[in-house]
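> what follows is a predicted structure for the sequence shown.
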Amino acid sequence: MVSAPQRPEAMGEIREICEARGAMLRVVGEDWVWEEREFDLDGQSLTVTSRLDPGQTYPNLQIPLLGEHQMVNAATAVAISELLRAQGLPVSDEAIRAGLRSVEWPGRMELLARAPAVLVDGAHNGDSAGQLARSIRRHFGARPLTVVFGASAGKDVPGMLDALLPEARRLILTRSRNERALDPRELREAAAGWAGPTEAAGSVEEALRSALEESAPDEIICVTGSLFLVTEAREAWLRMAGQPLPELDPQIEAG
């Protein structure tokens, strides 16, 4: 078992189950550690090292993903790869480096444009919204932020807005085409305690266009709150940029 860092109660459960089943446990942040090196809007670099065998170290790994949490994910992938290699899987150092260097994760801190910055992230709970807010400030500093937000029924909307709004100067509420998407009027109630400018848009594309019209080149637009919302924002951006939409999996199209 390889685990990324967990809250104490979750890690306690993991340790108990591993002990009961006789499974070896390796914990990233304890047995495997990472050290940040550099980061910019093109990605970041890190060094990953085993505390159990300091000879197992990967200096200056490159990942084209934004957000400090992605370094945790990269360290976890390295730890898993090393354990697989110890069990006979032929994984080379260069394969690990190449895999991390070429990884793509659409809709997760994905930068679609830079002036203004257009960022999409599928955060859909309070914890992931908090990670997003920290990542925005880490990579963009104090640049003015417009949040385009929509969420599905049953999600922790207050928790997400509590994490995002302290960083924002403007909020645009909208909804995806998904049948579970909340109406912007319901979202406005959840944001009632926020004193900043708030508006509603009937569609994700309308919300994105409004954000672009009111944002200077040095500002940030972040579309978040739902993977459905992010999917539509990516499609809208491609249409606006005159680029082809991604092809759908035939099995998905067939239902």
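The structure has been received and is ready for your questions.
> tell me the contacts of residue 157?
Contacts here follow Cβ atoms under 8 Å, 6 or more residues apart in numbering; on that basis residue 157 touches 151, 182, 187, 190, 225. For every residue, glycine as well, the C-beta is placed using N, CA and C.
> list the contacts for residue 202?
For residue 202, the contacting residues are 174-175, 184, taking Cβ under 8 Å, 6+ apart as the criterion.
> closest one of those residues to residue 240?
Checking the contacts of residue 202 against residue 240 with Cβ to Cβ, the nearest one is residue 174 at 15.6 Å.
> so what's that closest one up against?
Counting by Cβ under 8 Å, 6+ apart, residue 174 touches 148-150, 184, 200-204, 206-207, 229.
> how about low-confidence regions in the stretch 101-250 of the chain?
Counting by pLDDT under 70, the stretch 101-250 of the chain contains low-confidence residues at 248-250.
> what ranges do the strands span in the stretch 1-150 of the chain?
With DSSP state E, counting those that start in this stretch, the ranges of strands along the stretch 1-150 of the chain come out as 2-3, 26-27, 32-40, 43-50, 57-63, 110-114, 117-121, 145-149.
> and among those, the most buried is which?
The highest mean neighbour count among the strands of the stretch 1-150 of the chain belongs to strand 145-149 (a mean of 27), with neighbours defined as mean count of other Cβ atoms under 10 Å.
> okay, angle between that one and strand 117-121 too, please.
Between the axis of strand 145-149 and that of strand 117-121 there is an angle of 40 degrees, by axes from the mean of the first three to the mean of the last three Cα atoms, to 10 degrees.
> which strands border strand 145-149, and is each parallel or antiparallel?
Using DSSP bridges, the strands paired with strand 145-149 in its sheet are strand 170-173 (parallel), strand 220-224 (parallel).
> kindly export the helix or strand just after the last one (C-alpha atoms) in PDB.
Beyond strand 220-224 in the direction of the C-terminus, DSSP states H and E gives the next helix or strand as helix 227-240. Written as PDB, here are the backbone C-alpha positions of helix 227-240 (Å, rounded to 0.1, in the frame of the first residue of the first chain):
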ATOM      1  CA  LEU A 227     -16.300  19.200 -13.500                       C
ATOM      2  CA  PHE A 228     -19.400  19.700 -15.700                       C
ATOM      3  CA  LEU A 229     -18.900  23.500 -15.600                       C
ATOM      4  CA  VAL A 230     -15.200  23.100 -16.400                       C
ATOM      5  CA  THR A 231     -16.000  20.900 -19.400                       C
ATOM      6  CA  GLU A 232     -18.300  23.500 -20.800                       C
ATOM      7  CA  ALA A 233     -15.800  26.300 -20.100                       C
ATOM      8  CA  ARG A 234     -13.100  24.400 -22.000                       C
ATOM      9  CA  GLU A 235     -15.500  23.900 -24.900                       C
ATOM     10  CA  ALA A 236     -16.600  27.600 -24.900                       C
ATOM     11  CA  TRP A 237     -13.000  28.700 -24.900                       C
ATOM     12  CA  LEU A 238     -12.100  26.500 -27.900                       C
ATOM     13  CA  ARG A 239     -15.100  27.900 -29.800                       C
ATOM     14  CA  MET A 240     -14.000  31.500 -29.000                       C
END
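> helix 227-240 - contacts with which helices or strands?
strand 110-114, strand 117-121, strand 145-149, helix 204-213, strand 220-224 (3 or more Cβ pairs under 8 Å, 6 or more residues apart in numbering; DSSP states H and E).
> mind checking how far it is from the chain centre?
Mean-position distance between helix 227-240 and its chain equals 16 Å (Cα atoms, centre = their mean, to the nearest Å).
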